[in-house]
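Asker: take this sequence and fold it.
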Amino acid sequence: MAWRDQWQEASFRGVKFRFRSAAGALGRRNVVHEYPGRDEAYVEDMGRKAREFTFEAFVIGADYMRWRDQLEEACEKEGSGELVHPTRGRMQVAVQDCRPTENIDAGGMASYALTFIQDGGNLNPSVRVDTSAAVDIAGDNATDAASKDFSKSFKVDGMPDFVNNDALATINDAMDGIRAAANGMMPDMSILPAFNAAAGGILGKLTALMRLPTDLASGIAGQIAGLRALGTSPLSAFNALATLFQFGKHAQTSGYVPAVPVTPARIQQASNRAAVQTLVRRIALIEAAKASSSVKYASREEAIALRDNLVAKLEAEAEDGAAPDPVYFALTDLRVAVVNDIQTRAADLESLMQYTPRATVPAIVLAYQIYEDPERDEDIVARNRVKHPGFVPGGRALELLTG
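Answerer: Prediction:
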């Protein structure tokens, strides 16, 4: 296309004008620092200069006065307006200067020296709450409350051997559950050896750790937190942690014998079991909440579904009759932080829709028909588990993003 074909008719706020020449002033805003005893100056770049455009413009014709008045009215209006630059296209500008000239020797014409400044708008700094960080902070507080509650409930010192042995078995069950959660996902193989070594370290000194409930709680919590780092994505880590949400709610093995709290030793045996199982559930929920703040949700519906599931579990754990006030308040604060985080991030997500193609077509064709973007074919295939991207079956409802 020839350059003349690309020129546009100049106008400002919809009022057209003719022009003889157009010029501009571009560049950077530099501050030059010159120092005593130094020959070279230091130039500090303060950003791009405001772009300035000038025109030698005119209006002409038998009715030029009406045209002149319209252009001058447009130039005197408050605020910025749209300039159609003949070679640079449309832009928002403010009028810096408008100098009209009328000459008796050139009757029927008014000339102008027009100066415009490109206006980028008043972009005031905005404050946005880091909702993900709020989830992490609330999660750390909840972990601290859960660990302190465990330390108050778990005790083996001065207890009969059967209490010690039962506590060992319960903790081993917990570690088996944590390892099963790790094996159930696609773990990061570079981290897996360190994860297994940490688990072995806990089990290797378990007899000593049981007499230090605070350290034992820290070890178990750290091992569960390790699942979050082990996952190949925050969502895979969340799903692995979710397998521990109900830990201890049912018999762990066919040989499980409930502790009957009829003597002080039996009461402590039952307390130890409950303390370990409750700690695993609470820490799994807390770490899952932290993982949720890093999940990249594919749609608004996916985000809301995960939120509702997690919030219900946190609420149930907080309102468990055995939860003391510090744990209740910490888990409630975490639940509120999760809701705020997911709702904030979900607001910018696309929703899902149902679409039924009339005929079998390639995914790339369908992506262009729906989105005018053939590169979105992979999402169509993955979201609907299409066997072959060249044949998206017609007559079957597909789940697609709205935009």
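Asker: and the chain, what are its domains?
Answerer: Domain ranges of the chain: 3-118, 131-346, 352-401, per automatic domain parsing.
Asker: quick one: average confidence on the second one?
Answerer: The average of the pLDDT scores along domain 131-346 is 87.
Asker: circling back: I'd like the domains of the chain laid out as JSON lines, including mean neighbour count.
Answerer: In this view, the C-beta of every residue, glycine as well, is placed from N, C-alpha and C. Formatted as JSON lines, those follow (neighbours: other Cβ atoms under 10 Å):
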{"stretch": "domain 3-118", "mean neighbour count": "14"}
{"stretch": "domain 131-346", "mean neighbour count": "18"}
{"stretch": "domain 352-401", "mean neighbour count": "15"}
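Asker: in the chain, which helix has the most residues?
Answerer: Scanning the chain for the longest helix, with DSSP state H as the assignment, gives helix 264-292.
Asker: can you list the helices and strands that that helix packs against?
Answerer: Applying 3 or more Cβ pairs under 8 Å, 6 or more residues apart in numbering; DSSP states H and E, one finds that helix 264-292 makes contact with helix 131-153, helix 161-183, helix 213-230, helix 234-242, helix 300-318, helix 325-346.
Asker: now do the shortest one against helix 264-292, angle only.
Answerer: Read it as helix 234-242. Angle between the axes of helix 234-242 and helix 264-292 is 170 degrees (criterion: axes from the mean of the first three to the mean of the last three Cα atoms, to 10 degrees).
Asker: what does helix 234-242 contact?
Answerer: By Cβ atoms under 8 Å, 6 or more residues apart in numbering, the list of residues contacting helix 234-242 from outside reads 181-182, 184-186, 224, 227-231, 284-285, 287-288, 291-292, 294-296, 306, 309.
Asker: report the angle between it and helix 300-318.
Answerer: Relative orientation of helix 234-242 versus helix 300-318 (the same axes, to 10 degrees): 30 degrees.
Asker: off-centre distance for helix 234-242?
Answerer: 17 Å (Cα atoms, centre = their mean, to the nearest Å).
Asker: how far is the longest helix of the chain from where the chain is centred?
Answerer: Centroid separation between helix 264-292 and its chain, computed with Cα atoms, centre = their mean, is 30 Å.
Asker: next, the angle from that helix to helix 131-153.
Answerer: In terms of direction (the same axes, to 10 degrees), helix 264-292 departs from helix 131-153 by 170 degrees.
Asker: going forward, begin numbering at 33 instead of 1
Answerer: All set: I'll call the first residue 33, so the last point we hit is now helix 296-324.
Asker: what angle do helix 193-215 and helix 296-324 make with each other?
Answerer: Using the same axes, to 10 degrees: helix 296-324 against helix 193-215 is 20 degrees.
Asker: now do helix 296-324 against helix 245-262, angle only.
Answerer: Put simply, helix 296-324 runs at 30 degrees to helix 245-262, going by the same axes, to 10 degrees.
Asker: in this protein, which strand has the most residues?
Answerer: strand 121-134 (DSSP state E).
Asker: what's the offset of it from the middle of its chain?
Answerer: Distance, stretch centre to chain centre, for strand 121-134: 43 Å (Cα atoms, centre = their mean).
Asker: residues in contact with it?
Answerer: Looking at what lies outside strand 121-134 - Cβ under 8 Å, 6+ apart - the contacts are 40, 44, 84-85, 100, 104, 107-108, 111-117, 141-153.
Asker: tell me the mean pLDDT for the helix or strand following it?
Answerer: As assigned by DSSP states H and E, the chain's next helix or strand after strand 121-134 is strand 141-150. Averaging pLDDT along strand 141-150 yields 93.
Asker: so what does strand 141-150 touch, helix or strand wise?
Answerer: Identification of packing neighbours for strand 141-150 by 3+ Cβ pairs under 8 Å, 6+ apart yields strand 84-92, helix 96-108, strand 121-134.
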